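1. Could you work out the structure for the sequence below:
(chains A and B)
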Amino acid sequence: MNPTRHAIGLGLRRGWTEFVLSLRSPQDQGFYLFMGLATLTYLWLNRDSEVAGTDLLLPTVALPSLLGALLAFGVIIGPAYSLAMEREDGTLLRHKALPHGMQGYVTGQLLYHSIGLVPLLLVILVPGFLLFDGLMSEPSGWLTFAWVLVLGLLATLPIGMVLGSVVPSVQKVGTWGMLPVLAVTAISGIFAPLQSLWGWVQVVAQVFPTYWIGLGMRSAFLPDAAAAAELGGSWRTGMTVLVLLAWAVAGLLVTPRVLRRMARRQSGSQVLEAKEAALQWVK
Amino acid sequence: MSAVFPPGRADEPVVRVRGLQMSYGSHDVLTGVDLDVHAGEVVCLLGPNGAGKTTTIEILEGFRLRSGGDVQVLGEDPAQGGDAWRARVGVVLQSWRDHARWTPRRLLEQLGGYFAPYATPERSRPYDLDWLLDTVGLTENADRKIGTLSGGQRRRLDVAVGIIGRPELLFLDEPTAGFDPQARRDFHDLVHRLSDLEGTSILLTTHDLAEAERLADRILILASGRIVAEGSAEALTRQVAGNAEVRWAREGEHFVHATDDPTPFVRRLFEQHGDEITDLEVRRASLEDTYIAMVQRFESGNPTAPTLAEVAR
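-> Residues are numbered from 1 along each chain as shown, chains lettered A, B, ... in the order given. Next up is the predicted model:
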């Protein structure tokens, strides 16, 4: 029995169990419901507005962009919160005390946060397709949707894991993680086209994966003619693949190191300190 | 006075620590700890808060890097202990709110799975789940959400997680903190069972003296960053001078006398005064008296007692 492969198998079971438990939890059900309702309400209220420069309606353009933004945001903030939390509550330490435990833990996290996207996508896509017409122009778009989803996950999951490893405490995920990620999302052409922003902001936005995931999603859902409204008048598919791959590779190189460094510093007294600090926080 | 093992003995200790030092910045927590744990032994590390018990045990667990000294746990340096080493060591952690949605059965099944590749013909791993749940007294609560367990039940779960891989060596850091008396007794029985039936070597920390006395084959007292005394509870008690107190009354007056050897003293007392003696009471020094005396002596920075740590070299 190869212990590493065995640990990865256990990690997959862990991720699946976490997912099933999350689906059964009223708190998480509420979260999915809220996200679905908020997105659909926004689209419904703007159902008749036309997007400048095209003959498309806003929901048609905004839905893929929002999917991209939710993917990037959820997959960065989700693992960041989980990791920061589970560093403090001892989940991570439990795994550190097991042979190959960290490999299993990380596998579980990756699977859990990846499949956690499925219900989020469903609560938006299923009612979206019932409420609005002409969302998916070509059936072949689903193929593009699939690879953008996978590459997007690979590009953003490591960012979340790194954030969760370096933040000093759960309370700091807001300032260290949430704010920068929200800022990047705001400038990534989700709510307003990139061209309407200052030049340097456009450059910054194109460094991060969020813009490219949104662009990829639009290229999946919208007709080819809609590319005219994009920066450079094209879907820039090759560039999208390149940027997302670069982030994925960088993540693959950096994340294990950061995780190992973080795990090395885990100890029982650290968990106890975090507990005491959190109890103070509650008071 | 303390056990001295000649070098090169076949049965190497499972834990061997020499000159262990730990400092945080300019603050020295451990200034030279020497200790051994032998196979099948239950050793208790006793000491006041801040003496470095937790630091010591975390270094041995491989969770903390030491500043200096030589440490061998199951023949390896815990700072470099690999996964095969990890599989032989059990650590009981104080959990808090982790895995609140899981059930004890599901969690133990998941965590125990990691030990399966390390099973050997002589030592199956992990423990059978139902046996383990029964042993720690969690059978009835095995399918409840962990978030709804009481503090005591949670600690039982912590113990189960710590031993599920059938460790050869088990570390317990203040294992019974927060236990009610019944849970404490159950836990003591479990420690005896692990030690007697499974041959598990156990190193635990506590500041509960009664617990140390009940569980440990050997007690080490850690004060001011080093081991200041070691031995069985009885041997430690004998080391403190004037270890018994004789009280009596004669003609309405009360007397107290401290002595190392109360029997001849009482005999002489009766020879001298015969029937006049009333309210006779002989009280042996308890481990608590010994402990407080030793800790005070070393923390005051004036160790006039024989320094046992050096004797042990």
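2. Within range of chain B, give me the residues from the stretch 1-150 of chain A.
-> A:1-3, A:6-7, A:10, A:13-14, A:17, A:21-22, A:25, A:86, A:88-91, A:93-94, A:96-101, A:104 (Cβ under 8 Å from any Cβ of the partner chain). The C-beta positions use only the backbone N, C-alpha and C, and glycine is treated the same way.
3. Residue B:44 touches residue B:219, doesn't it?
-> Yes: at 4.9 Å, residue B:44 counts as touching residue B:219 under the criterion of Cβ atoms under 8 Å.
4. between those two, what contacts are shared?
-> The contact sets of residue B:44 and residue B:219 overlap at residue B:212 (Cβ atoms under 8 Å, 6 or more residues apart in numbering or on different chains).
5. So which elements touch the helix or strand where residue B:44 lies?
-> Residue B:44 belongs to strand B:42-46 when assigned by DSSP states H and E. If contacts are counted by 3 or more Cβ pairs under 8 Å, 6 or more residues apart in numbering or on different chains; DSSP states H and E, strand B:42-46 sits against strand B:27-37, helix B:53-61, strand B:201-206, helix B:209-215, strand B:218-223.
6. redo that, cut-off 6 Å
-> Applying 3 or more Cβ pairs under 6 Å, 6 or more residues apart in numbering or on different chains; DSSP states H and E, one finds that strand B:42-46 contacts strand B:201-206, helix B:209-215, strand B:218-223.
7. top helix in chain B by residue count?
-> helix B:181-197 (DSSP state H).
8. Which residues belonging to that helix are considered buried?
-> B:183-184, B:186-188, B:190-191, B:194-195 (16 or more other Cβ atoms under 10 Å in any protein chain shown).
9. next one: stretch A:216-235
-> Going by neighbour count (16+ other Cβ under 10 Å), the buried part of stretch A:216-235 is A:216-222, A:226-227, A:229-231, A:235.
10. ok so, going back, would you list the helices and strands packed on strand B:42-46 in a markdown table and tack on mean neighbour count, mean pLDDT and distance to chain A?
-> Compiled in a markdown table, the helices and strands packed on strand B:42-46 are given as follows (neighbours: other Cβ atoms under 10 Å in any protein chain shown; pLDDT from 0 to 100; distance: least, Cβ to the nearest Cβ, whole Å):
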| stretch | mean neighbour count | mean pLDDT | distance to chain A |
| --- | --- | --- | --- |
| strand B:201-206 | 24 | 93 | 11 |
| helix B:209-215 | 20 | 88 | 19 |
| strand B:218-223 | 25 | 92 | 16 |
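11. Can you point out the helix or strand that includes the residue nearest the centre of chain A?
-> Compute the mean C-alpha point of chain A, and by Cα atoms, centre = their mean the closest residue is residue A:75, 2.3 Å away. In this assignment (DSSP H and E), residue A:75 forms part of helix A:58-89.
12. counting contacts, what elements does that helix pack onto?
-> helix A:101-115, helix A:141-166, helix A:173, helix A:179-186, helix A:209-221.
13. residues in contact with the third one?
-> In this case it means helix A:173. A:80-81, A:84, A:167 (Cβ atoms under 6 Å, 6 or more residues apart in numbering or on different chains).
14. nearest to chain B, of those residues?
-> residue A:84 (13.1 Å; Cβ to the nearest Cβ).
15. Now do the same contact list for residue B:137.
-> Residue B:137 neighbours (Cβ under 6 Å, 6+ apart): B:156, B:186.
16. Could you check how far it is from residue B:159?
-> Noted for residue B:137: a distance of 10 Å to residue B:159, by Cβ to Cβ, to the nearest Å.
17. do residue B:187 as well
-> 7 Å.
18. do residue B:182 as well
-> Residue B:182 sits 15 Å away from residue B:159, taking Cβ to Cβ as the criterion.
19. try residue A:210
-> Using Cβ to Cβ, residue A:210 is found at 46 Å from residue B:159.
20. now residue B:59
-> Residue B:59 is 22 Å from residue B:159, by Cβ to Cβ.
21. How about residue B:223?
-> Taken as Cβ to Cβ, the span from residue B:223 to residue B:159 is 28 Å.
22. Contact residues of chain B facing chain A?
-> Neighbours of chain A within chain B, by Cβ under 6 Å from any Cβ of the partner chain: B:54, B:58, B:63-64, B:83, B:86-87, B:91, B:93, B:95-98, B:101, B:110, B:113-114, B:117.
23. Count residues in the vicinity of the closest residue to residue B:265 other than its chain neighbours, would you?
-> Nearest in space to residue B:265, with sequence neighbours left out and distances taken as Cβ to Cβ, 6 or more residues apart in numbering or on different chains, is residue B:259 at 5.0 Å. As a burial measure, residue B:259 scores 16 neighbours (other Cβ atoms under 10 Å in any protein chain shown).
24. can you pull the contacts of the residue nearest to the centre of chain A?
-> Contact analysis of residue A:75 by Cβ under 6 Å, 6+ apart lists A:113, A:156-157, A:160.
25. among these, which ones are buried?
-> Using 16+ other Cβ under 10 Å as the burial test, the contacts of residue A:75 include A:113, A:156-157, A:160 as buried.
26. Chain B: which of those residues is nearest?
-> residue A:113 (15.9 Å).
27. I'd say that closest one and residue A:78 touch.
-> Yes: the criterion here is Cβ atoms under 6 Å, and residue A:113 meets it with residue A:78 at 4.8 Å.
28. Surely residue B:34 and residue B:20 touch.
-> No: contact status for residue B:34 versus residue B:20: not in contact, 7.6 Å apart, counting by Cβ under 6 Å.
29. Give me the outermost residue of chain B relative to its centroid.
-> Outermost residue of chain B with respect to the C-alpha centroid, by Cα atoms, centre = their mean, is residue B:251; its distance is 47.1 Å.
30. for stretch B:258-274, what is the average pLDDT?
-> Taken as a whole, stretch B:258-274 has a mean pLDDT of 86.
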